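S.K.: Need coordinates for the following:
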Amino acid sequence: MDVQLTNLVSSAEKLLRDKRSSVPGRTGVPSEAQNAADKTEFSSSLTSRYLKVQETLGNLQEQLSKEQMKLGVLSEENNTPKEDLINILFGETPLFRELVENPNQDLNQLREQVQVKKDQLMDSIRKYEVESENVLSVGMLKNPENFRKSIENLSGKDIQMKQLSEKTIERLIQD
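M.R.: Residues are numbered from 1 along each chain as shown. Next comes the predicted model:
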């Protein structure tokens, strides 16, 4: 993609300004105070979106682990009897909830269903990872220090970030 991140950020800020100026009862050109408020709103929405994507990724990765564990158990050479599969726990819940609800389900059919769900989870994770990287890139490009502090304040975690050089970004894109 040939679109530069700075162009995306500028476009997003312009949309925010246009949105604000189109509110009924408002006229005239936005003041510098309004521009600062727009930038703050843009930065905080980036931060909250980044944290939401990270939370979603965590949930999806936990679900993926569960599906991978199911596939591992179902693929064992000394297949575990169905009656024993029902007793395997993942955390505090049954790993094979499908067998608890339908004990007569065919294990080959179950294996196929688990594989399909695993593939869907992998696709979702990839989508959210790309979104996370994009939001992080825009945040770091726009105002790295404020973005990092916002994430630390909202997440309660100490986050170390550094600005990537153009050469590093170019190398990552080419790989």
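
S.K.: Which SSE is immediately downstream of the helix or strand hosting residue 62?
M.R.: Assigned by DSSP states H and E, residue 62 falls within helix 32-75. If you walk from helix 32-75 toward the C-terminus, the next helix or strand you reach (DSSP H and E) is helix 82-85.

S.K.: who touches that next one?
M.R.: With contact meaning C-beta atoms under 8 Å, 6 or more residues apart in numbering, helix 82-85 is reached by 73, 95, 96, 99, 103, 107. For the C-beta atoms, the positions are set from N, CA and C on the backbone; glycine is no exception.

S.K.: mind checking how far the first one is from residue 144?
M.R.: Just to be clear, that refers to residue 73. Distance check for residue 73 against residue 144: by C-beta to C-beta, to the nearest Å, it reads 45 Å.

S.K.: number of nearby residues for residue 79?
M.R.: Residue 79 has 12 neighbouring residues, counting by other C-beta atoms under 10 Å.

S.K.: need the contact list for the residue nearest to it when sequence neighbours are not counted.
M.R.: Spatially, and ignoring its direct neighbours in sequence, residue 79 is nearest to residue 107 (7.3 Å; C-beta to C-beta, 6 or more residues apart in numbering). Contacts were defined as C-beta under 8 Å, 6+ apart; by that measure residue 107 touches 74, 79, 82.

S.K.: from these, which single one is nearest residue 116?
M.R.: The shortest separation between residue 116 and any of the contacts of residue 107 is 13.3 Å, and it belongs to residue 74 (by C-beta to C-beta).

S.K.: Show me what the helix holding residue 62 is packed up against.
M.R.: Where contact means 3 or more C-beta pairs under 8 Å, 6 or more residues apart in numbering; DSSP states H and E, helix 32-75 is packed against helix 5-21, helix 107-142, helix 144-155.

S.K.: if you set the cut-off to 10 Å instead, what comes out?
M.R.: For helix 32-75, the contact count by 3 or more C-beta pairs under 10 Å, 6 or more residues apart in numbering; DSSP states H and E identifies helix 5-21, helix 82-85, strand 89-90, helix 97-101, helix 107-142, helix 144-155 as packing neighbours.

S.K.: Now that helix: average pLDDT?
M.R.: Confidence for helix 32-75, expressed as mean pLDDT, is 82.

S.K.: Cool, thanks, signing off.
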